[in-house]
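Visitor: return a 3D structure for these sequence lines:
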Amino acid sequence: MSAPVRTFTVRRVQLLRAFFAAVSALMITFSSDHSAVVGFSVFGGFVAASGIVLVLGAWLAVPAGARGSLILLAVINLAAAAVSSVPALRVDAAFFIVVIVWAAASGLVELIAGLRARRTDATAKDAITVGALGLLLAIILLVIPVGYSLQYSVEGAGELTLTGIILAVGMLGGYTAIVAVFLAIAGFSPLRAEETPRGETTKDADSAAAAGERIESGGAA
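Guide: Have a look, this model is predicted:
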């Protein structure tokens with residue numbers, strides 16, 4: 001007998017992650033306030049939603065033996081969401097620390113998971129790319145000084161100030177925008193074995209199906 005078809009697949013997990021990343025990118029883009037409070041609010045919602053999607057993905061989209069990386073990613077995201085919800089921590093320095101730690105940890109986990117599964121999982125290259133983007137975000141935020149401040153003037157707008165937190169929140173918005181586009185493209189791309197669980201190759205699935213057909217044919221004879 002062939003394995004039951006999964007209605008909640010890895011591709012759907014990617015599309016949901018893309019959706020919440022896109023919402024976060026739009027909220028940052030169309031907000032005139034790039035303070036730590038606003039940055040934490042958007043970031044907290046993004047990682048909380050992503051964590052829930054990853055839990056669902058681990059439970060419904062992959063077999064039991066391949067859930068480790070998704071569960072670990074979910075824990076990292078939900079932990080970041082919990083920290084982001086503490087009002088006392090919504091200051092500039094804390095925003096840098098929390099987002100850098102989250103980006104480095106989640107990026108490293110996803111990158112390693114993708115590299116380990118690249119020979120058996122058709123979606124591994126997507127995990128590698130998203131993981132690399134997370135590490136890149138962490139590096140960029142490490143380079144931006146927390147106390148950076150630049151005074152400049154724009155004709156018709158007067159004197160303006162560009163600060164480190166404005167740059168950091170903007171970088172987060174750029175990251176979520178890129179991730180949203182990439183995961184949306186990946187989610188809508190056809191997968192040669194869409195219902196093949198992670199960790200099981202297309203060849204394995206075909207062999208299992210062929211074996212099932214031989215057994216059924218033998219029983220009918």
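Visitor: when you work out contacts or count neighbours from here on, use the C-alpha atoms and nothing else.
Guide: Fine.
Visitor: all strands of this structure, in order?
Guide: 149-154, 158-163 (DSSP state E).
Visitor: now for those strands, which one comes closest to residue 105?
Guide: strand 158-163 (25.7 Å; CA to CA).
Visitor: next, the buried residues of the closest one.
Guide: residue 163 (16 or more other CA atoms under 10 Å).
Visitor: which residues touch the residue nearest to residue 28 when sequence neighbours are not counted?
Guide: Leaving aside its sequence neighbours, residue 28 sits nearest to residue 173 (CA to CA, 6 or more residues apart in numbering; 5.6 Å). By CA atoms under 8 Å, 6 or more residues apart in numbering, the residues touching residue 173 are 24-26, 28-29.
Visitor: on that earlier part again, reformat the strands of the chain as JSON lines; add mean pLDDT and distance to residue 61.
Guide: Listed next are those as JSON lines, based on pLDDT from 0 to 100; distance: least, CA to CA, whole Å:
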{"stretch": "strand 149-154", "mean pLDDT": "81", "distance to residue 61": "46"}
{"stretch": "strand 158-163", "mean pLDDT": "83", "distance to residue 61": "42"}
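Visitor: any chance of those in a markdown table, plus distance to residue 98?
Guide: A markdown table is the format used below for these (distance: least, CA to CA, whole Å):
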| stretch | distance to residue 98 |
| --- | --- |
| strand 149-154 | 21 |
| strand 158-163 | 18 |
